[in-house]
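**Q** Need coordinates for the below:
(one chain, ligands or ions: 4)
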Amino acid sequence: MSEGNNKNNFDDFNEFVRFLNSNDPSEVIDKLNLINKIESGKCNNNVDNDKKYDNNKNNTKYNNKSNNNKKYITYSKNVFIPLCNWCRNICGYCTFRKENYKLMNKNEVKEILLKGDKYGCREALFTFGEKVDENENIRNDLKKMGYDNILEYLYDLEDWCLNNTQLLPHTNCGILDYEELKLLKEVNASMGLMLENSSDRLFKTIAHKNSPGKEPKKRLKMIENAGKLKIPFTTGILVGIGETNEEIVKSLYDIKELSEKYGHIQEAIIQNFRSKKGIPMENFKEPSPLKMLKVLIVAKLILNDISIQVPPNLNSETGQLFLFAGVDDWGGVSPLTKDYVNPEAPWPKIEELRRYTEEFGYNLKERLPVYEKYINKTWLSDRVFEKIMSYKNRII
Ligand SMILES: O=c1nc2n(C[C@H](O)[C@H](O)[C@H](O)CO)c3cc(O)ccc3cc-2c(=O)[nH]1
Ligand SMILES: C[C@H]1O[C@@H](n2cnc3c(N)ncnc32)[C@H](O)[C@@H]1O
Ligand code: MET
Ligand code: SF4
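**A** Ligands and ions are numbered 1, 2, ... in the order given. Sure, this is the predicted structure:
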């Protein structure tokens, strides 16, 4: 690809597919060089960008931009609240979903939040099954607690979280409609939904054929609605679930298009499929390190200003090398709770992550679930904005 951006998207699209299909290592080196050039350019030019978004110049603790020329890799210190592990979908790769479900009660949730507060966590990650209240038993459980549906319950918990702790909610619970997103924006700093992949062909295969909520047009619609509502948003793709290279590139372009239209995509997670015993896809091969590196390179070049997140627990051997491809965020890392989606993959200790990052030559920096450039009243509800402004230790 040429640097001058004088090619149209169609040529770039084909070039990226060809790159992913090729097995010429010199092409990887060429693209890494290109990323390195672009990144060093950004380091010197980022002053104007910083000013553009900086509405509170003293509050620099959670700013993920560099103030010397050394690059920061960010992470968010969080707790994971798996509110309910039933789900209307049955994805071929998932072990989170259980037919014999568990719905967490208020005290269980509050206990984790309070503990997280003591540990200095700043993110409460509410990740759970999609439309769990389609299950009649769960609806009855909710009724007994005084709620008509799961989102009423979720809102109450997130409201409590904001009133009683220093944590900021981030919800990732599958498909929500416009009104539901609008309601949750009041009590969330950011929200998320993995696109997974935008291929209709893939939707009909083992990964998603029993998951109505993984229909690409529904996912794209929700991400678009979040954009209309100005909700800082996290999305991403799952790599290694039977998709073609063309479908990977197409999915990244779909994310780019929505990002360019609404400006709300703060980060894209490039998540590698992890095989587990007993799942329908147990015989699928996990993506190789080289495949991940190449997808990350392509993601970086397509998505340029969007942060690229790689979960360090799913890439404990290789994550450090992925920094070469322009990965700039480790995502949520918890000192307290496990990753309930990938419970066999422990979180690194923050000090380990720091050493890992510094050995590469970069600095590790904590961020909030919402990225610095969205911390203003255009993107946040008044109460979430005020909460962030009240953090005493934002000032260093
Ligand atoms: O611990 C996890 N955190 C996951 N997170 C949390 C994520 O790392 C952070 O919450 C965000 O970076 C916001 O700070 C997700 C968030 C989303 O919005 C969408 C998907 C994921 C996926 C995971 C996941 O599999 N495991
Ligand atoms: C929360 C996110 O976790 C991802 N997810 C679900 N199951 C797996 C797995 N086996 N390996 C990797 N990622 C997975 C999906 O992308 C989901 O959206
Ligand atoms: C627990 S998986 C993450 C949230 C939601 N069930 C989804 O897959 O989109
Ligand atoms: S990945 Fe999410 S949507 Fe799919 S079955 Fe698991 S919980 Fe449900």
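
**Q** what's the helix or strand for whichever residue of the stretch 1-150 of the chain sits closest to ligand 1?
**A** With CB to the nearest ligand atom, the shortest gap between the stretch 1-150 of the chain and ligand 1 falls at S76, namely 3.8 Å. C-betas here are computed from N, CA, C, even on glycine. Using DSSP states H and E, S76 sits in strand 72-81.

**Q** Run me through the strand neighbours of that strand, direction for each.
**A** Strand pairing for strand 72-81, determined by DSSP bridges: strand 123-127 (parallel), strand 329-333 (parallel), strand 363-367 (parallel).

**Q** The residue of the stretch 1-150 of the chain closest to ligand 1 against R122, yeah?
**A** Yes - contact criterion CB atoms under 8 Å: S76 and R122 qualify, at 6.7 Å.

**Q** which neighbours do the two share?
**A** When contacts are counted by CB atoms under 8 Å, 6 or more residues apart in numbering, S76 and R122 have 366, 368-369 as shared neighbours.

**Q** and those as TSV, adding distance to ligand 3 and neighbour count?
**A** Converted to TSV, those look like this (distance: CB to the nearest ligand atom, whole Å; neighbours: other CB atoms under 10 Å):
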residue	distance to ligand 3	neighbour count
E366	24	16
L368	21	25
P369	15	26
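
**Q** Return the member of these nearest to ligand 2.
**A** Closest to ligand 2, out of all of the shared contacts of S76 and R122 and judged by CB to the nearest ligand atom, is P369, at 14.8 Å.

**Q** quick one, what contacts that closest one?
**A** So P369 contacts 76, 78, 122-123, 125, 168-170, 189-190, 332 (CB under 8 Å, 6+ apart).

**Q** Select from these the one having the most neighbours.
**A** A189 (31 neighbours; other CB atoms under 10 Å).

**Q** And that one, its phi and psi?
**A** Phi and psi for A189, reported as degrees, to the nearest 10, are phi -80, psi -30.

**Q** Correct me if wrong: it contacts L368.
**A** Yes - using CB under 8 Å, A189 is in contact with L368, at 6.4 Å.

**Q** So for these two, which residues contact both of them?
**A** By CB under 8 Å, 6+ apart, the residues touching both A189 and L368 are 123, 168, 388.

**Q** From ligand 2, how far out is the last one?
**A** For I388, the distance to ligand 2 under the criterion CB to the nearest ligand atom, to the nearest Å works out to 25 Å.

**Q** check contacts around that residue.
**A** Applying CB under 8 Å, 6+ apart, the residues near I388 are 168, 189, 368, 370, 375, 380, 394.

**Q** ok, back up a step: and of the shared contacts of S76 and R122, the nearest to ligand 1?
**A** Taking the shared contacts of S76 and R122 together and measuring to ligand 1 by CB to the nearest ligand atom, the closest member is P369, at 3.7 Å.

**Q** mind checking how far the closest one is from F126?
**A** Computed with CB to CB, to the nearest Å, the distance linking P369 and F126 is 11 Å.

**Q** Mutual contacts of these two, please.
**A** Joint contacts of P369 and F126 (CB under 8 Å, 6+ apart) are 169-170.

**Q** Name the nearest residue to the residue in the stretch 151-300 of the chain positioned nearest to ligand 3, sequence neighbours excluded.
**A** The minimum distance from the stretch 151-300 of the chain to ligand 3, using CB to the nearest ligand atom, falls at G174 (3.8 Å). Nearest residue to G174 in three dimensions, chain neighbours excluded: E130, at 2.7 Å (CB to CB, 6 or more residues apart in numbering).

**Q** Also T337?
**A** That would be F80: by CB to CB, 6+ apart, it lies 4.3 Å from T337.

**Q** so who does that neighbour touch?
**A** By CB under 8 Å, 6+ apart, the neighbours of F80 are 125, 127, 332, 334, 337-340.

**Q** tell me which parts of the stretch 51-200 of the chain are close to ligand 1?
**A** When proximity is defined as CB under 6 Å from any ligand atom, the stretch 51-200 of the chain approaches ligand 1 at 76, 78, 80, 123, 125, 170, 172, 190, 192, 194.

**Q** thinking again about what came up before, save the shared contacts of A189 and L368 as JSON lines, and put in distance to R355 too.
**A** Formatted as JSON lines, those follow (distance: CB to CB, whole Å):
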{"residue": "E123", "distance to R355": "22"}
{"residue": "L168", "distance to R355": "27"}
{"residue": "I388", "distance to R355": "29"}
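
**Q** near ligand 4, which residues of this protein?
**A** 87, 89-91, 94, 96-97, 129-130, 174, 211, 213.

**Q** and the residues you listed, which two are the farthest apart?
**A** For these, the farthest-apart pair by CB to CB is F96 and G213; their separation is 13.6 Å.

**Q** what's the burial count for the residue nearest to N135 when sequence neighbours are not counted?
**A** Using CB to CB, 6+ apart and skipping residues adjacent in sequence, the residue nearest N135 is W86, 5.3 Å away. Per other CB under 10 Å, the neighbour tally for W86 reads 22.
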